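> Task: produce atomic coordinates for the following.
(chains A and B, ligands or ions: 2)
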Amino acid sequence: MRSDIAGVAAPPRPVPWLASLGLSPGLRQSLARCGWAVLSVGLFAGIWELLWAIGWADPKLLPPPHVFLGDIPDQARYFNTATRWQIGVNPADGPSPYEAVAITIGATGMRVLVGLLIAATLSIGIGVLIRYFGLLEKLVLPTITLLSPVSPIAWLPVAIFIFGIGNAPAIFMVVVALFFHMVLSTISQIDNVSRAFINVARTMGATKRQIYTRVIVPAILPQLLIVLRLNLFGAWMVVLVAESTGVGFGLGQVIMMARNTFNPSLVFFTIALIGLLGFLSDWLLRLVQKRVLYWVPETAGVLRGL
Amino acid sequence: MASDSYADWSSQDAVVCRGVGKTWAAGTARAHEALRGIDLDVAPGEFVVLLGPSGCGKSTLLYLIAGLERQTAGRIWAFRDPVEGPSPDRSLIFQETSLFPWLTVWQNVSFGLSIRGAPEAERRAVAREALARVGLSEAMDKRPDELSGGMRQRVAVARALAMRPKVLLMDEPFAALDVQTRAKMQDFLLDVWRDSGASVLFVTHHIDEAVALADRVVVFTARPGRIKSIIPVTLPRPRDPFAPESEALRRLLTEELKGEVDRAFAEQEALAAG
Ligand SMILES: Nc1ncnc2c1ncn2[C@@H]1O[C@H](COP(=O)(O)OP(=O)(O)OP(=O)(O)O)[C@@H](O)[C@H]1O
Ligand SMILES: [Mg+2]
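Residues are numbered from 1 along each chain as shown, chains lettered A, B, ... in the order given. Ligands and ions are numbered 1, 2, ... in the order given. Sure thing, here's the model as predicted:
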């Protein structure tokens, strides 16, 4: 049974037709991953198209992909939500439809990114400080625990009271949606740092501050980045809610307008855009994760070998 | 105070324990006595092996001497000074691996120096020297998870040596290694010990290891750990594990330990039964 045991340890067999192209293994792997993603989405779209073809999916309510992706210039028209309705502005003025799509995406993406950065910095900082200063924990932690189960939707009016309209309320919503959980998660990560790590630093004469900066923060960083990635999708959801209530422009606004004007094609087109953006931002964050956490071994590969 | 005056008449002993006891979670319902009435003197440059059944408080004693935990009874001195907290003079090598995965090997080894703010050139030099002593010069820039278990323990030894400690506390450092590797590590540890002149307190539950290493073997009773006997070993080094004297010592230690292991087992079974 020797060969069997060796077989388990061997790397997964490369896809034959990809191997024949003479590409590097890394490139081949990412190509294969892309291929699977396309196939997966294609399968989903195919079923939808099929349902449309046999007449089960009403194109007025559930327009299939070839309909809502078929006329992109037509869809892009609706994205110029920034100035279109304002009095004295010629609807033909302003950015071209494609530019409008780019501006809309950019605006929403920027809100997600900025909100995520602020939330991460604030919550990690405050989480560490809470564990560092006992008094701060007693003063602040109960409030944070109390507020963390509150749905971000409940913060929406607050965001508008405080920040009115514009970028600020949307960013505030993202921050508030992530902040409380991430503080609590930071604290629990700190509590799970191996005692041996801390004791090593103590025997070497590290001060409390050094133990926090040199041991605890690097030790909790991997888990925190994973938490951040899980929360990324939450951020995308919340930003849409915030935008749909009159931030001015953004993907949430487009969806809202599509609802109000009963335009299912536009709804699905925007959903497709959001899905793509979420996917891309997750991929970006994964790259960052790999860069920052060069020391964390990848477990996924082991799991795939099972 | 009577106990304070002890320091006045003490020798320059590396470690002195008087009546040391430790009760974990003292004063709560989960109070748990791990050590009781430990009296132990360790001379400078002496190699003392602590031998006892699992759970008898060997690790606990090292933690107390390292200053990482406070004893609940008795007093501990190191070179005349009462032990009140951790000190770079007393390095502890932990039972579990404790290398920082986010640092390279040389950064791990020189971590103590970086705490003191030493410049990089000095840190590298010290790390290189310490790694050379454990035979791992090649591994300077590797990361801990690229090393084997034995190599990792050697890095941990190098990290402890880089602090130039006067007392080296080792908690079953080679327990996870195979017999051959362990024998090699023991030889290497004896070399390092001779060069450094530090006192070593070495915890193990392998009788062979005690026979190979010790100047004195301290045998513990089952929990709460007390010192059952202290057995001096006068065999010359390097020791032949198959010499009749080694055989006799092994038999003696086995006898000493046997009853305790049985008792520890019975007690743990009773505990588990509720
Ligand atoms: N941090 C702790 N809190 C509470 N109890 C502890 C703690 N550490 C150890 N103990 C208890 O103290 C007793 C002695 O533990 P210790 O780790 O010192 O044993 P040991 O002799 O090193 O055993 P082993 O050979 O298995 O490592 C055990 O019963 C253990 O449950
Ligand atoms: Mg132990």
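> what's the nearest residue to residue A:219 if we skip its chain neighbours?
Using C-beta to C-beta, 6 or more residues apart in numbering or on different chains and skipping the chain neighbours, the partner closest in space to residue A:219 is residue A:193 (4.6 Å). All C-beta spots, glycine's among them, are computed from the backbone N, C-alpha and C.
> quick one: which helix or strand includes the nearest residue to residue B:235 once chain neighbours are set aside?
Distances taken as C-beta to C-beta, 6+ apart place residue B:245 nearest to residue B:235, at 5.4 Å, with adjacent residues excluded. Under the criterion of DSSP states H and E, residue B:245 resides in helix B:244-273.
> what number of residues lie near the residue nearest to residue B:235?
14 (other C-beta atoms under 10 Å in any protein chain shown).
> That one touches residue B:236, doesn't it?
No - here residue B:245 does not reach residue B:236: they are 9.6 Å apart, not a contact under C-beta atoms under 8 Å.
> residue boundaries of the helices in the stretch 51-200 of chain B?
Taking DSSP state H, counting those that start in this stretch as the criterion, the stretch 51-200 of chain B contains helices spanning B:58-66, B:105-109, B:111-115, B:120-133, B:149-162, B:179-196.
> Report the buried residues of the longest one.
Residues of helix B:179-196 classed as buried: B:181, B:182, B:183, B:185, B:186, B:189, B:190, B:192, B:193, B:196 (neighbour count, 16 or more other C-beta atoms under 10 Å in any protein chain shown).
> Can you add pLDDT and distance to residue A:135 and give the residues you listed back as CSV?
Below are the buried residues of helix B:179-196 laid out as CSV (pLDDT from 0 to 100; distance: C-beta to C-beta, whole Å):
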residue, pLDDT, distance to residue A:135
B:181, 79, 50
B:182, 85, 49
B:183, 86, 54
B:185, 84, 47
B:186, 88, 50
B:189, 89, 46
B:190, 91, 51
B:192, 85, 46
B:193, 90, 46
B:196, 86, 44
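> any chance of the residues you listed in JSON lines, plus distance to residue A:171?
Converted to JSON lines, the buried residues of helix B:179-196 look like this (distance: C-beta to C-beta, whole Å):
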{"residue": "B:181", "distance to residue A:171": "57"}
{"residue": "B:182", "distance to residue A:171": "59"}
{"residue": "B:183", "distance to residue A:171": "63"}
{"residue": "B:185", "distance to residue A:171": "57"}
{"residue": "B:186", "distance to residue A:171": "61"}
{"residue": "B:189", "distance to residue A:171": "58"}
{"residue": "B:190", "distance to residue A:171": "63"}
{"residue": "B:192", "distance to residue A:171": "57"}
{"residue": "B:193", "distance to residue A:171": "61"}
{"residue": "B:196", "distance to residue A:171": "58"}
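> element containing the residue in the stretch 51-200 of chain A positioned nearest to chain B?
Residue of the stretch 51-200 of chain A nearest chain B, by C-beta to the nearest C-beta: residue A:196 (4.0 Å). Element membership for residue A:196 (DSSP H and E) is helix A:195-203.
> now what about that helix, what contacts it?
With contact meaning C-beta atoms under 8 Å, 6 or more residues apart in numbering or on different chains, helix A:195-203 is reached by A:210-211, A:214-216, A:219, B:66-68, B:86-88, B:90-92, B:94, B:96-98, B:100, B:111, B:115, B:159.
> For ChimeraX, write a command that selects the buried ones of those.
Burial among the contacts of helix A:195-203 is assessed by 16+ other C-beta under 10 Å; the matching ChimeraX selection reads:
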select /A:210,211,214,215,216,219 /B:66,67,68,86,87,88,90,91,92,94,97,98,100,111,115,159
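> out of the contacts of helix A:195-203, which are inside strands?
Of the positions in these, B:90, B:91, B:92 sit in strands, assigned by DSSP state E.
> Which ones among those residues also lie next to chain A?
Among these, the ones lying near chain A by C-beta under 8 Å from any C-beta of the partner chain are B:90, B:91, B:92.
> surely the first one meets residue B:167?
Think residue B:90. Yes - using C-beta under 8 Å, residue B:90 is in contact with residue B:167, at 4.5 Å.
> and for those two, which residues touch both?
In contact with both residue B:90 and residue B:167: B:65, B:78, using C-beta under 8 Å, 6+ apart.
> what is the orientation angle of the helix or strand harbouring residue A:242 with helix A:195-203?
Using DSSP H and E, residue A:242 maps to helix A:217-243. Orientation of helix A:217-243 against helix A:195-203 (axes from the mean of the first three to the mean of the last three C-alpha atoms, to 10 degrees) gives an angle of 120 degrees.
> what sits against the residue of the stretch 101-250 of chain B found nearest chain A?
At 3.6 Å from chain A, residue B:112 is the closest residue in the stretch 101-250 of chain B, using C-beta to the nearest C-beta. Listed by C-beta under 8 Å, 6+ apart, the contact set of residue B:112 reads A:204, A:205, B:88, B:159, B:162, B:163.
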